[in-house]
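1. When you get a sec, could you give me coordinates for this:
(2 chains)
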Protein chains: 2
Amino acid sequence: MLNFTFKNQTEILFGKGQVSEIASRLPIDANVLLLYGGGSIKKNGVYDQVTDALKNTRFVEFAGVEPNPTFETLMKAVNVVREEKVNFILAVGGGSVIDGAKFIAAAHNFEGDAWDILTKKAAFENPLPVGAVLTLPATGSESNGNSVVTKKATSQKRAFGSPTLQPVFAVLDPVYTFSLPTRQVSNGVVDAFVHVIEQYLTYSVNAPLQDRFAESILQTLISEGPKALAEPENYDVRANVMWSATMALNGLIGAGVPQDWSTHMIGHELTALYNMDHAQTLAVVLPALMYVQQDKKKDKILQLGERVFGIVDGNDGSRIDRTIKAVQDFFEQMGVSTRLSGYGLDEEAVDAAVANLEKNGLTALGEHGDINLEKAREILRLAV
Amino acid sequence: MLNFTFKNQTEILFGKGQVSEIASRLPIDANVLLLYGGGSIKKNGVYDQVTDALKNTRFVEFAGVEPNPTFETLMKAVNVVREEKVNFILAVGGGSVIDGAKFIAAAHNFEGDAWDILTKKAAFENPLPVGAVLTLPATGSESNGNSVVTKKATSQKRAFGSPTLQPVFAVLDPVYTFSLPTRQVSNGVVDAFVHVIEQYLTYSVNAPLQDRFAESILQTLISEGPKALAEPENYDVRANVMWSATMALNGLIGAGVPQDWSTHMIGHELTALYNMDHAQTLAVVLPALMYVQQDKKKDKILQLGERVFGIVDGNDGSRIDRTIKAVQDFFEQMGVSTRLSGYGLDEEAVDAAVANLEKNGLTALGEHGDINLEKAREILRLAV
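-> Have a look, this model is predicted:
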């Protein structure tokens, strides 16, 4: 096992009706920015429940945070925070809104161009505290310090993070996910699945508990994901998907083990270029990446096949092929195409994504740093 | 899944040499109580490493915290804290020392008889912050807010807890466990195993991820526990046992599921009466309790048998018997006897323990509250 430090200070408020607890978790003199996205929370009743919970609290609203939140929009929210002297950001939505809240929290008293926080890892001071009411289980953003922001003007998608940005609380009410569009449920399950894979499918450092925890999440997503599509109002199923997505990226399963994240990095370029959903890019890249990297990841692919998909017969090559196929089949079963052609893209997209990786200096990806531009091209070509 | 709140604020510093980080985690004006037990840390080098890490920090020592720490001893430490104006308690040891630190932290400015904190759940204010350097993986005390204290004068063993008592950091250096006596390693593995069982072997609330996480810890303990006895200086094995024991009782696997804890409650009486090691009492009580409660716990015993011990053939009754036997065999393999007679006790101990349960009002134990004195007697008789 590798040395590690692990701390996760987010208080999880899990279950039906838990939003009523949030007022007690806010600062006494709270002046809240209520941040949300396109307004679906006004249709499904979440907005009413949140504002009811805030009925004795001062707050101002900022709506319109996009999926793949843009720097341009978030800077408008930063201005609101400054003008209104906001001291707490309550993000109500999925990963995009919560990621956006973290950026606003970091940028609110940053002098100069706040884009530097993303591209130059520029230091920021006294970030605002953030709370989250999660409506879309997927990114794990509700209990980690990570954030991804896109600059519209230049099609650049960049990640940053800090433990100081981690939400102080996160409401996880499975009922809030009943009315999600199918596509978002599908994407969420695929996203969580790939988060686990990025921290699991590398090489062994003799950390069996981390391995088994990772496999536990994968098994749960495989069993509950399709049920979530078939029975949208099955509370327990939604609860299990929601808790799995949170555990997939809260620091736990990645503690003490190597991590990959190349699927995410390559996928980000496809989103930036073609506005593909984040999970769609992961579903496209991962199987091809497993194929290209199968020598380096051999032992873990075999373990994944055996423990998660029950693939035990045949020689190693056959087991690896069938395990990659099983991952692909799961994504397709969740309704997410695993081919670039499924999104109307072809070889041109391969060239464009590789050019973007080069432009962004992402030329040594993966747990061994051996995914150079040539390999990235090989992966993307396989995925056409 | 049941509603829950979950938060674990302990920062885990895991791995070889991590003790050097502690000074940076202390308050700037720290005046530390260095709390430890019988002095083994002076023989194995841990004391030297800790005091070296504290070389620029003011601290005073208090040694002699017993296994099953006594109220009498801890109150002496409370006096030291008051006299020396200590503002941080650093516990160096196993669960007993850390439990003791929590009690001291709670009692330091309690007016009146501090035993009331344990028996009357008396409120305490402004507990001191606690840090832990763990030398014995077992109780999980290093990252939870629980504490068990025994009053020598009356042979009463009582538990209390509060999130405010949870260590702010915990150093988990597997090397510190290399020199542990065999008996303590055995006890630690059994203790952690039963912690998992108390949160797992109840009834299903459709929480598959919690189930699989619990099974993950059990599987890891079963694979690594015997190796820890056979290869005391195998770093990875010790690391895996250590991380398993922490994860067994940090709030994670118990979130959103029913819990039992009757094995612990019955076992506590045996420790209070006969000074049996905590884990010894668990190894004695659990298999008998599984047998007596098999109707109520049937589905989960079958699941445990199948997923953890690979017991899939035969009818339910046979599978249940073999699963209980497998648990018993594992404890015996770890060198911990599962019979009262193994500790020189007989039917008299049954009567005495039941009388103690009655005296302490513990007459409705378990996840259904159906373990009354009669059932407790049946369990203990079976375990003679």
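
2. looking at this, residue A:5 is in a helix?
-> No: counting by DSSP: H, G, I helix; E, B strand; the rest coil, residue A:5 is not found in a helix; it is strand.

3. Look up phi and psi at the nearest residue in space to it that is not next to it in sequence.
-> The shortest distance from residue A:5 to any non-neighbouring residue, by C-beta to C-beta, 6 or more residues apart in numbering or on different chains, is to residue B:13 (5.4 Å). The C-beta positions use only the backbone N, C-alpha and C, and glycine is treated the same way. Backbone geometry at residue B:13, expressed as degrees, to the nearest 10, gives phi -110, psi 100.

4. so how far is residue B:167 from residue B:13?
-> As defined by C-beta to C-beta, to the nearest Å, residue B:13 lies at a distance of 11 Å from residue B:167.

5. Pick out whichever of these two has more residues nearby.
-> residue B:167 (28 against 25; other C-beta atoms under 10 Å in any protein chain shown).

6. can I assume the more buried one is in contact with residue B:10?
-> Yes: assessed by C-beta atoms under 8 Å, residue B:167 is found in contact with residue B:10 at 5.2 Å.

7. what's the closest non-adjacent residue to residue A:175?
-> Nearest one to residue A:175, counting by C-beta to C-beta, 6+ apart, is residue A:16 at 5.4 Å.

8. cool, residue A:163 as well?
-> That would be residue A:145: by C-beta to C-beta, 6+ apart, it lies 4.8 Å from residue A:163.

9. From chain B, how far off is the one you found?
-> Residue A:145 is 14 Å from chain B, where distance means C-beta to the nearest C-beta, to the nearest Å.

10. What is the least confident helix or strand in chain A by mean pLDDT packed up against?
-> Scoring the helices and strands of chain A by mean pLDDT, DSSP states H and E places strand A:156-161 at the bottom, with a mean of 88. In terms of contacts (3 or more C-beta pairs under 8 Å, 6 or more residues apart in numbering or on different chains; DSSP states H and E), strand A:156-161 is packed against helix A:95-107, helix A:115-119, strand A:146-151, helix A:262-274.

11. mind redoing it with 6 Å?
-> helix A:115-119, strand A:146-151, helix A:262-274 (3 or more C-beta pairs under 6 Å, 6 or more residues apart in numbering or on different chains; DSSP states H and E).

12. can I get the ones you listed in CSV with mean pLDDT?
-> As requested, the helices and strands packed on strand A:156-161 are exported to CSV (pLDDT from 0 to 100):
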stretch, mean pLDDT
helix A:115-119, 95
strand A:146-151, 93
helix A:262-274, 94
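
13. JSON lines please, covering these and showing mean neighbour count.
-> What follows is the helices and strands packed on strand A:156-161, written out as JSON lines (neighbours: other C-beta atoms under 10 Å in any protein chain shown):
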{"stretch": "helix A:115-119", "mean neighbour count": "18"}
{"stretch": "strand A:146-151", "mean neighbour count": "23"}
{"stretch": "helix A:262-274", "mean neighbour count": "23"}
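
14. out of those, which comes closest to residue B:80?
-> For residue B:80, the closest of those is strand A:146-151, at 43.9 Å, according to C-beta to C-beta.

15. And the residue positioned nearest the centre of chain A, how far from chain B?
-> Taking C-alpha atoms, centre = their mean, the centroid of chain A lies closest to residue A:139, which sits 2.5 Å from it. Distance of residue A:139 to chain B, computed by C-beta to the nearest C-beta: 17 Å.

16. Not counting its neighbours along the chain, what's nearest that residue?
-> residue A:95 (2.8 Å).

17. Same question for residue A:207.
-> In space, residue A:207 is closest to residue A:1, 4.5 Å off (C-beta to C-beta, 6+ apart).

18. so the one you found touches residue B:241, yeah?
-> No: between residue A:1 and residue B:241 there is no contact, the gap being 11.0 Å when judged by C-beta atoms under 6 Å.

19. what about the two, which has more around it?
-> residue B:241 (26 against 22).

20. mind listing what that one touches?
-> B:137, B:224, B:228 (C-beta atoms under 6 Å, 6 or more residues apart in numbering or on different chains).

21. switch the cut-off to 10 Å
-> A:209, B:137-138, B:174, B:177, B:185, B:188-189, B:192, B:220-221, B:224-225, B:227-228, B:234 (C-beta atoms under 10 Å, 6 or more residues apart in numbering or on different chains).

22. ok, of those residues, which one's closest to residue A:366?
-> The nearest one, if we look at the contacts of residue B:241 relative to residue A:366 and count by C-beta to C-beta, is residue A:209, at 23.7 Å.

23. Can you tell me the element the closest one falls in?
-> Assessed by DSSP states H and E, residue A:209 sits inside helix A:208-230.

24. Which positions within that helix qualify as buried?
-> Using 16 or more other C-beta atoms under 10 Å in any protein chain shown as the test for burial, helix A:208-230 gives A:208-226, A:228.

25. One more: stretch A:118-134?
-> Per 16+ other C-beta under 10 Å, stretch A:118-134 contains these buried residues: A:118, A:122, A:124, A:127-134.

26. any idea where the strands of chain A begin and end?
-> Taking DSSP state E as the test, the strands found in chain A are A:4-14, A:31-35, A:58-62, A:88-93, A:130-134, A:146-151, A:156-161, A:169-172.

27. Against chain B, which of the buried residues of helix A:208-230 make the cut? List them.
-> A:208-221, A:223-224 (C-beta under 10 Å from any C-beta of the partner chain).

28. Residues that sit against both of residue B:13 and residue B:167, list them.
-> By C-beta under 10 Å, 6+ apart, the residues touching both residue B:13 and residue B:167 are B:131-133.

29. quick one, what contacts the residue lying closest to residue A:138 once chain neighbours are set aside?
-> In space, and not counting its chain neighbours, residue A:138 is closest to residue A:188: 3.4 Å by C-beta to C-beta, 6+ apart. By C-beta under 10 Å, 6+ apart, residue A:188 lies in contact with A:94-95, A:136-139, A:177, A:180, A:221, A:225, A:228, A:241-242, A:244-245, A:278-279, A:334.

30. Show me which residues of the stretch 201-350 of chain A are close to chain B?
-> Close to chain B, as judged by C-beta under 10 Å from any C-beta, the stretch 201-350 of chain A has residues A:205-221, A:223-224, A:234-244, A:246-247, A:251-252, A:255-256.

31. thinking again about what came up before, what number of residues lie near the residue nearest to residue A:163?
-> Neighbour tally, residue A:145, other C-beta under 10 Å: 20.

32. Surely it touches residue A:101?
-> No: shown here, residue A:145 and residue A:101 do not form a contact pair, counting by C-beta atoms under 10 Å, at 11.7 Å.

33. Identify the contacts common to the two.
-> When contacts are counted by C-beta under 10 Å, 6+ apart, residue A:145 and residue A:101 have A:130, A:165, A:167 as shared neighbours.

34. For chain B, state which of those residues is nearest.
-> residue A:167 (11.3 Å; C-beta to the nearest C-beta).

35. backbone phi and psi for that closest one, please?
-> Taking degrees, to the nearest 10 as the convention, residue A:167 sits at phi -50, psi 140.

36. Could you pull up the residues touching it?
-> A:9-12, A:89-91, A:98, A:101-102, A:105, A:129-134, A:141-145.

37. Over to residue A:70?
-> With C-beta under 10 Å, 6+ apart, residue A:70 has these contacts: A:76, A:96, A:100, A:149-153, A:157.

38. Which positions are bridged to it in the beta structure?
-> Beta-bridge pairing for residue A:70 (DSSP bridges): residue A:150.

39. And the pLDDT for it?
-> Looking at residue A:70, its pLDDT is 96.

40. Over to residue A:371?
-> pLDDT, read off for residue A:371, is 98.

41. and the gap between the residue nearest to it when sequence neighbours are not counted and chain B?
-> In space, and not counting its chain neighbours, residue A:371 is closest to residue A:365: 4.0 Å by C-beta to C-beta, 6+ apart. Distance check for residue A:365 against chain B: by C-beta to the nearest C-beta, it reads 26 Å.
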